[in-house]
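Fold the stuff below for me.
(chains A and B)
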Number of protein chains: 2
Amino acid sequence: MSGLGEFDLIARYFTRPAKRSPLGVGDDCALLAPAAGMQLAVSSDMLVEGRHFLSTVEPARLGHKALAVNLSDLAACGAKPLAFTLALALPQVDEAWLEGFSRGLFALADAHGCELVGGDTTRGPLNLCITVFGEVPTGGALLRSGAQAGDDVWVSGTLGDARLALDVFRGRRTLPAELFALARARMEEPTPRVALGQALRGIASAAVDISDGLAGDLGHVLRASGVGARLDADAVAGRLAIGAHALAATAGLDAQARRACTLAGGDDYELAFTAPVTAREAVAQAGRASGTPVTRIGSIEAAPGLRIVDAQGAPLTQRFGGFDHFA
Amino acid sequence: MSGLGEFDLIARYFTRPAKRSPLGVGDDCALLAPAAGMQLAVSSDMLVEGRHFLSTVEPARLGHKALAVNLSDLAACGAKPLAFTLALALPQVDEAWLEGFSRGLFALADAHGCELVGGDTTRGPLNLCITVFGEVPTGGALLRSGAQAGDDVWVSGTLGDARLALDVFRGRRTLPAELFALARARMEEPTPRVALGQALRGIASAAVDISDGLAGDLGHVLRASGVGARLDADAVAGRLAIGAHALAATAGLDAQARRACTLAGGDDYELAFTAPVTAREAVAQAGRASGTPVTRIGSIEAAPGLRIVDAQGAPLTQRFGGFDHFA
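Alright, predicted model coming up:
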């Protein structure tokens, strides 16, 4: 406790000169206007200690993650970040925590030109709620509902590393220190695929961000689009970045573990998306232009349901559900 | 616990057909576009149990209040409500609670044509975070920064009733049952002054909503406008609605109690606003048109600071600070 009041707290850590918004932090509302021909894309995510982050996370990494998970939703729509609001419940005023949190938050915000335009602070169990605003050409947003039978299924970046780190924290797995540090950084400082999302506008037929595991989140696309899909489990498992590390074999990362982490890991914040077969070179170019690896992992089929097959085309018997915060 | 998963939960209680937003609840982002010539006014408020509401509140009243405090911010900007997102942390899936909460929430939302367009649900200590979106003509928003020396200071509706109820809950005061029920309803189901806020566009020079007490919130206007004010404590105290009730005298509501509740009560969700002396009839007309009582309670002066005086013009010695969630 420092004796800082709520308003001093806001002023010290969260007030910066307004740029994009006609009004910065401090009036009853912020004012925003998308440019002519643009729609505003809006998403809200709430992060709770012990569920979305561990008490051991460094405040700067938490500041990064709180915004990253929201930027990831903008990425999935192909929207360009503009602004965000932050509502924050804190058990006490802890200046070291606030300094680190705001530093991590603003570093990512500045990297994406995303301005804090308002919010709320209160005392309570630690809770972070960010609402983010992006801009997308009217009618040009990537949706979950556009996948067509015959489309390829793609995924960005790498999968499953965050889940490996969580397993270590939970005492369900051990990893060499070097692998754990890599996996932990992916869990605590995910990279929202903002540039890729924008590059995929007009190319991808559907997109979703992978926050609850590939199988579960791709399931949302399939239901919204009224289609099914066949996924190559080994192509997916190949996206486990630290699985390619020289130490991985000695860490017990067998095929089963790689599949579980990559297909149903959660907390990846990569994009899963679909695109016509004719767009393969365009997708590859979008990946290069945005500096983001993209990997083809399956195809959309007319029959509903998600079929996960091994390298021989045989269906896996292992079940992979989505991560459900209430399950 | 019902066994309902997160996604079923969202579907059952919070999915309704999309009207205004091109996308309803369920994609990564909602898409919004203000009409031509309009800006989007945005505000986020987070409500925490024990701080913004008591565990004894009926879920339907809590649903009402969670949206009402956000609509009140739109009212203070003169914005017309359009849409909102809801992020919700719940300790467990309680269907009776969800049914009541969503009923109260949507009743108020429908009354204002304000559509739920997205959100997030998670398990955690009870926390409600709403971000609300409204529309205001570009350049026409009521701000905190426009008050001028010589302007009148006005307040809408009634003040202090919520604080009286809170005092009873905290065991600091007793009230006859009839008075307590009236005060409690004001605390638990505040009326956001949305129509008045819009009617005051082009008339009021500055406005703020009173969530943390009149003296504290008016202080924000004074600082943002670089002015001071003189308030008539008795005119303010006269706005204690249940203070005018026949039972009030026997409930110990003396002048001191009336002043404390009305000047620094908190949770009123009325508007405090300023307007030129020449606009008195226009303000009265805005009040009539919106069915909202408006009362002149003081005037803006060039000298900084808030001076609260009694009927004889003598300064009060009692101190009235703003409610501070971290004090």
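
switch to C-alpha atoms for all contacts and neighbour counts from now on
Noted.

tell me the strands in the stretch 101-250 of chain A, going along the chain?
With strands called from DSSP state E, counting those that start in this stretch, the stretch 101-250 of chain A shows them at A:115-123, A:127-137, A:152-156, A:206-210, A:228-232.

which stretch among those comes nearest residue B:194?
For the strands of the stretch 101-250 of chain A, distance to residue B:194 was read as Cα to Cα. The smallest value, 20.0 Å, belongs to strand A:115-123.

coming back round to it: from the strands of the stretch 101-250 of chain A, which stretch is densest packed?
Stretch with highest mean neighbour count among those: strand A:206-210 (a mean of 31; mean count of other Cα atoms under 10 Å in any protein chain shown).

Say whether chain B is contacted by that strand.
Yes. Interface with chain B: strand A:206-210 contributes A:208, A:209 (Cα under 8 Å from any Cα of the partner chain).

Quick one: the strands of the stretch 101-250 of chain A as JSON lines, columns for mean pLDDT too.
Shown next, in JSON lines, are the strands of the stretch 101-250 of chain A (pLDDT from 0 to 100):
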{"stretch": "strand A:115-123", "mean pLDDT": "88"}
{"stretch": "strand A:127-137", "mean pLDDT": "95"}
{"stretch": "strand A:152-156", "mean pLDDT": "98"}
{"stretch": "strand A:206-210", "mean pLDDT": "96"}
{"stretch": "strand A:228-232", "mean pLDDT": "96"}
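
Residue A:279: which of those strands is closest?
Closest to residue A:279 of the strands of the stretch 101-250 of chain A is strand A:152-156 (Cα to Cα; 9.0 Å).

outside of stretch A:232-239, which residues touch it?
A:157-160, A:244, A:255, A:258-259, A:261-263, A:295-298, A:308-311, A:313 (Cα atoms under 8 Å, 6 or more residues apart in numbering or on different chains).

If we go by neighbour counts, what in that stretch is buried?
Across stretch A:232-239, burial judged by 16 or more other Cα atoms under 10 Å in any protein chain shown covers A:232, A:233, A:234, A:235, A:236, A:237, A:238, A:239.

follow-up on the earlier one: of all the strands of the stretch 101-250 of chain A, which one is nearest residue A:35?
It's strand A:127-137; of those, that one is closest to residue A:35 (Cα to Cα) at 8.0 Å.

Next, see if that closest one gets close to chain B.
Yes. With Cα under 8 Å from any Cα as the criterion, chain B is reached by strand A:127-137 at A:127, A:129, A:131.

if I read this right, the last one contacts residue A:47, doesn't it?
In other words, residue A:131. No. In this structure, residue A:131 is not within contact of residue A:47 by Cα atoms under 8 Å, at 11.6 Å.

which strands and helices sit next to the helix or strand hosting residue A:64?
For residue A:64, the host element (DSSP states H and E) is helix A:59-77. For helix A:59-77, the contact count by 3 or more Cα pairs under 8 Å, 6 or more residues apart in numbering or on different chains; DSSP states H and E identifies strand A:38-48, strand A:80-90, helix A:95-111, strand A:127-137, helix A:177-188, helix A:194-199, strand A:206-210, strand A:270-275 as packing neighbours.

The residues of strand A:127-137 next to chain B into CSV, with extra columns for distance to residue B:96?
CSV is the format used below for these (distance: Cα to Cα, whole Å):
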residue, distance to residue B:96
A:127, 24
A:129, 25
A:131, 28
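
Identify the residues contacting the residue nearest to the spatial centre of chain A.
Per Cα atoms, centre = their mean, the C-alpha nearest to the average position across chain A is that of residue A:269, at 2.5 Å. Going by Cα under 8 Å, 6+ apart, residue A:269 touches A:69, A:72, A:190, A:191, A:192, A:193, A:209, A:210, A:211.

Next one: the second one from residue B:185, what distance?
What that stands for is residue A:72. Relative to residue B:185, residue A:72 is positioned 41 Å away (Cα to Cα, to the nearest Å).

Looking only at neighbour counts, state which of those two leads.
residue A:72 (29 against 14; other Cα atoms under 10 Å in any protein chain shown).

give me the number of residues near the residue lying closest to the more buried one once chain neighbours are set aside?
With sequence-adjacent residues excluded and distances taken as Cα to Cα, 6 or more residues apart in numbering or on different chains, residue A:72 is closest to residue A:192, at 4.6 Å. If you count neighbours by other Cα under 10 Å, residue A:192 ends up with 25.

what's the answer for residue A:108, then?
When neighbours are defined as other Cα under 10 Å, residue A:108 has 21 of them.

pretty sure it is touching residue A:70, no?
No. Residue A:108 is not in contact with residue A:70 according to Cα under 8 Å; the separation is 11.4 Å.

Near chain B, which residues of the stretch 101-250 of chain A? Just list them.
So far as Cα under 8 Å from any Cα goes, the stretch 101-250 of chain A lies against chain B at A:118-125, A:127, A:129, A:131, A:143-144, A:208-209.

switch to 7 Å and redo it
A:118, A:119, A:120, A:122, A:123, A:124, A:125, A:129, A:143, A:144, A:208 (Cα under 7 Å from any Cα of the partner chain).

contacting residues around the spatially closest residue to residue A:179 that is not a sequence neighbour?
In space, and not counting its chain neighbours, residue A:179 is closest to residue A:242: 6.6 Å by Cα to Cα, 6+ apart. Applying Cα atoms under 7 Å, 6 or more residues apart in numbering or on different chains to residue A:242 gives the contacts A:161, A:179, A:248.

closest to residue B:84 among those?
Among the contacts of residue A:242, and counting by Cα to Cα, the member closest to residue B:84 is residue A:161, at 34.3 Å.

Return the residues in contact with that closest one.
A:183, A:186, A:187, A:240, A:241, A:242.

Compare these and tell me which is most surrounded.
Among the contacts of residue A:161, residue A:187 has the most neighbours (other Cα under 10 Å), with 26 neighbours.

Name the nearest residue to it, ignoring sequence neighbours.
Take residue A:187 and drop its neighbours on the chain: the residue closest to it by Cα to Cα, 6+ apart is residue A:162, 4.1 Å away.

Likewise for residue A:184?
Nearest residue to residue A:184 in three dimensions, chain neighbours excluded: residue A:165, at 5.1 Å (Cα to Cα, 6+ apart).
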